[in-house]
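Chemist: Compute the structure for the input listed below.
(one chain, ligands or ions: 1)
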Amino acid sequence: MTDQLVQAARRDSRPRSVDEQLRRRARSVIPGGMYGHQSAGPLPPEYPQFMRSGLGARISDVDGNEYVDLMCSYGPVVLGHRHRAVEAAAAAQAELADCQNGPGPVMVELAELLVSTVQHADWAMFAKNGTDATTICCTIARAHTGRSRILAATGAYHGAAPWCTPRLAGVTAEDRANLGYYTFNDLASVTAAAAEAGQDLAAIVVSPFKHDAGFDQELVDPAFARGLRELCSQTGAALILDDVRCGFRLHLGSSWEPIGVLPDLSAWSKAIANGHPLAAVLGSGAYADAAASIFVTGSFWFSGTAMAAAIATIGALRDEGAIEAMDRVGTALRTGILEQAMARGIEINYTGPPAMPYLTFAGDRGHQLASTFAAAAIRAGVYLHPRHNWFISAAMTDADLAKALAATDEAFAAVQARQHEGGIT
Ligand SMILES: Cc1ncc(COP(=O)(O)O)c(C=O)c1O
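Modeler: Next comes the predicted model:
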């Protein structure tokens with residue numbers, strides 16, 4: 001731990017004893033004490049590992065510290081924690097049963113709702129995680145085309161299976177054998193990768209915008225999206241839109257509908273059921289036979305509770321104007337943060353759509369300033385992330401926004417102090 005972090009931890013007067021006890025116990029019985037994207041290990045020491053509860057846009061850790069939530073469980077929570085209608089729908093289904101010998105009527109109702117909500121979708125399949133959905137899309141594309149090769153953008157995250165996990169421990173060369181890579185927003189690089197794949201090109205997988213963790217985000221160039229669509233139509237390869245992170249946060253439909261580009265297959269999870277575990281694969285009619293031909297399943301994939309939650313979530317997103325609300329509060333947050341940074345003469349990049357922003361500091365290659373900022377923000381009661389995009393929920397009130405901005409102002413003050421102390425600019 002650096003001197004600054006030690007001092008920051010000392011200045012942190014919040015109680016942390018339950019979290020510390022749980023971390024100690026976890027180290028004995030959970031590999032690494034915690035794993036995956038929710039590990040607090042790489043975060044500043046001020047961050048709690050274990051959380052207790054959430055309501056609306058506020059969350060509490062196991063020691064009772066409350067935060068405005070700008071991470072939304074890394075995306076799943078879109079309407080706010082414990083949204084009343086969603087929880088009521090889930091509870092009503094749970095009263096009947098959750099996991100049975102066959103799906104309930106909710107599976108058909110949800111598939112119908114998705115088909116009528118998402119323009120390119122003629123059918124829906126369900127699973128649990130985003131990785132299930134992206135992997136199933138690739139399998140369907142291969143079954144449909146009889147080809148093997150999939151193209152993905154370098155650095156893009158499509159899940160944690162061997163074909164796409166960013167960490168190579170335990171991954172074999174064969175797991176990656178049928179992959180090619182291109183650069184997001186660079187059509188020439190896709191054309192070159194497609195030419196290399198030749199007759200073996202099964203699919204191109206792409207996220208709605210570039211949201212690679214740790215890097216400034218990049219919105220899609222519509223000409224790039226149209227170019228991908230054209231290339232796939234010409235070659236017979238499937239265009240797979242990975243809407244796992246963006247889906248239903250930017251648009252009530254697939255995320256490229258506003259620019260008029262429709263994929264053949266799309267992968268969904270995260271926000272689809274406001275925190276209940278569900279993923280979906282949506283596809284156009286041409287891919288229905290291939291989708292029916294593959295064998296994919298899971299013990300919990302047909303459970304009714306999450307599907308009932310998804311129906312209520314999509315209804316609430318529509319009826320409560322949630323997408324517009326997230327855009328509005330996200331825009332206000334961006335305006336406030338840009339003003340704060342400018343007032344202190346701190347050079348930042350604030351990228352991505354308003355509902356999924358990411359903040360970096362000019363020249364901060366090791367993320368030290370971002371860590372100082374995040375540590376100060378969490379001490380002031382806002383949970384954001386130093387190296388991953390943030391997520392805004394529709395539950396953010398004016399009071400939540402005011403608290404968030406008060407905290408980011410303190411956080412900029414901490415960055416300024418660190419810049420002055422350490423000569424970091
Ligand atoms: C774009 C994208 N695709 C796929 C995934 C994998 O989803 P999951 O973690 O639910 O398996 C994620 C998760 O963050 C994601 O952001």
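
Chemist: For the rest of this, base every contact and every neighbour count on C-alpha atoms.
Modeler: OK.

Chemist: So residue 56 sits against residue 80, correct?
Modeler: Yes - using CA atoms under 8 Å, residue 56 is in contact with residue 80, at 4.2 Å.

Chemist: so what sits against both of those two?
Modeler: Common contacts of residue 56 and residue 80, defined by CA atoms under 8 Å, 6 or more residues apart in numbering, comprise 395, 396.

Chemist: mean confidence for the helix or strand that contains residue 328?
Modeler: Using DSSP states H and E, residue 328 sits within helix 322-343. Helix 322-343 shows a mean pLDDT of 98.

Chemist: Extract the C-alpha trace of it and format it as CSV.
Modeler: In CSV, the C-alpha atoms belonging to helix 322-343 read as follows (Å, rounded to 0.1, in the frame of the first residue of the first chain):
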residue,chain,number,x,y,z
ALA,A,322,-36.7,4.8,-17.3
ILE,A,323,-34.4,5.1,-20.2
GLU,A,324,-35.1,8.8,-20.5
ALA,A,325,-34.6,9.2,-16.7
MET,A,326,-31.2,7.5,-16.8
ASP,A,327,-30.2,9.7,-19.7
ARG,A,328,-31.4,12.8,-17.9
VAL,A,329,-29.7,12.1,-14.6
GLY,A,330,-26.6,10.8,-16.4
THR,A,331,-26.4,14.0,-18.3
ALA,A,332,-26.7,16.1,-15.1
LEU,A,333,-23.9,14.0,-13.5
ARG,A,334,-21.7,14.6,-16.5
THR,A,335,-22.3,18.3,-16.6
GLY,A,336,-21.6,18.6,-12.8
ILE,A,337,-18.5,16.5,-13.0
LEU,A,338,-17.1,18.4,-16.0
GLU,A,339,-17.7,21.7,-14.2
GLN,A,340,-16.0,20.5,-11.1
ALA,A,341,-12.9,19.3,-12.9
MET,A,342,-12.7,22.5,-14.9
ALA,A,343,-13.1,24.6,-11.8
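
Chemist: Quick check: buried residues in that helix?
Modeler: By 16 or more other CA atoms under 10 Å, the buried positions in helix 322-343 come out as 322-327, 329-334, 336-338, 340-341.

Chemist: for the ligand, what are the nearby residues on this protein?
Modeler: Proximity of the chain to the ligand (CA under 6 Å from any ligand atom) is limited to residues 129, 130, 131, 157, 158, 159, 242, 244, 245.

Chemist: residues contacting the residue of the chain found nearest the ligand?
Modeler: The nearest approach of the chain to the ligand comes at residue 130, 3.2 Å away (CA to the nearest ligand atom). With contact taken as CA under 8 Å, 6+ apart, residue 130 is in contact with 158, 159, 244, 267, 268, 269, 270, 279.

Chemist: Show me those residues that map onto strands.
Modeler: Counting by DSSP state E, the contacts of residue 130 place 267, 268, 279 in strands.

Chemist: In JSON lines: the residues you listed, plus neighbour count and pLDDT.
Modeler: Converted to JSON lines, those look like this (neighbours: other CA atoms under 10 Å; pLDDT from 0 to 100):
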{"residue": "267", "neighbour count": "32", "pLDDT": "99"}
{"residue": "268", "neighbour count": "29", "pLDDT": "99"}
{"residue": "279", "neighbour count": "27", "pLDDT": "99"}
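
Chemist: Nearest to residue 123 among those residues?
Modeler: Of all the ones in strands among the contacts of residue 130, residue 267 has the smallest distance to residue 123: 12.4 Å, by CA to CA.

Chemist: wait, doesn't that closest one sit right on residue 133?
Modeler: Yes - using CA under 8 Å, residue 267 is in contact with residue 133, at 5.0 Å.

Chemist: Common neighbours of these two, please.
Modeler: Shared contacts of residue 267 and residue 133, counting by CA under 8 Å, 6+ apart, come down to 279, 280, 281.

Chemist: Now do the helix or strand encompassing residue 405 against helix 322-343, angle only.
Modeler: Using DSSP H and E, residue 405 sits in helix 398-422. When axes from the mean of the first three to the mean of the last three CA atoms, to 10 degrees is applied, the directions of helix 398-422 and helix 322-343 differ by 30 degrees.

Chemist: Now do the buried residues in helix 398-422.
Modeler: 400-401, 403-416, 418.

Chemist: any idea of the mean pLDDT for it?
Modeler: 95.

Chemist: So which elements touch that helix?
Modeler: Judged by 3 or more CA pairs under 8 Å, 6 or more residues apart in numbering; DSSP states H and E, helix 398-422 is in contact with strand 66-69, helix 322-343, helix 368-379, strand 382-383.

Chemist: Any chance of a markdown table for these, columns distance to residue 93?
Modeler: Below are those laid out as a markdown table (distance: least, CA to CA, whole Å):
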| stretch | distance to residue 93 |
| --- | --- |
| strand 66-69 | 28 |
| helix 322-343 | 24 |
| helix 368-379 | 37 |
| strand 382-383 | 32 |
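
Chemist: Which among the ones you listed is found nearest to residue 396?
Modeler: Judging these by CA to CA, what sits closest to residue 396 is helix 322-343, at 7.1 Å.

Chemist: What residues of the next helix or strand after the closest one count as buried?
Modeler: Going down the chain from helix 322-343, the next helix or strand is strand 348-351, by DSSP H and E. Neighbour counts over strand 348-351 (16+ other CA under 10 Å) mark 348, 350, 351 as buried.

Chemist: who's in contact with strand 348-351?
Modeler: Strand 348-351 is contacted from outside by 216, 217, 218, 334, 338, 341, 357, 358, 359, 360, 361, 362, using CA under 8 Å, 6+ apart.

Chemist: Please list all residues in contact with the second one.
Modeler: Right, residue 217. 209, 210, 211, 351, 352, 358.

Chemist: and the fourth one, what are its bridge partners?
Modeler: What that stands for is residue 351. residue 358 (DSSP bridges).

Chemist: List the buried residues of the helix or strand residue 115 falls within.
Modeler: Assigned by DSSP H and E, residue 115 falls within helix 105-117. Buried residues in helix 105-117, counted by 16+ other CA under 10 Å: 106, 107, 110, 111, 112, 113, 114, 115.

Chemist: could you redo those residues as a markdown table and give each row pLDDT?
Modeler: Listed next are these as a markdown table, based on pLDDT from 0 to 100:
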| residue | pLDDT |
| --- | --- |
| 106 | 98 |
| 107 | 98 |
| 110 | 99 |
| 111 | 99 |
| 112 | 99 |
| 113 | 98 |
| 114 | 99 |
| 115 | 98 |
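
Chemist: That concludes my questions; thank you for your assistance.
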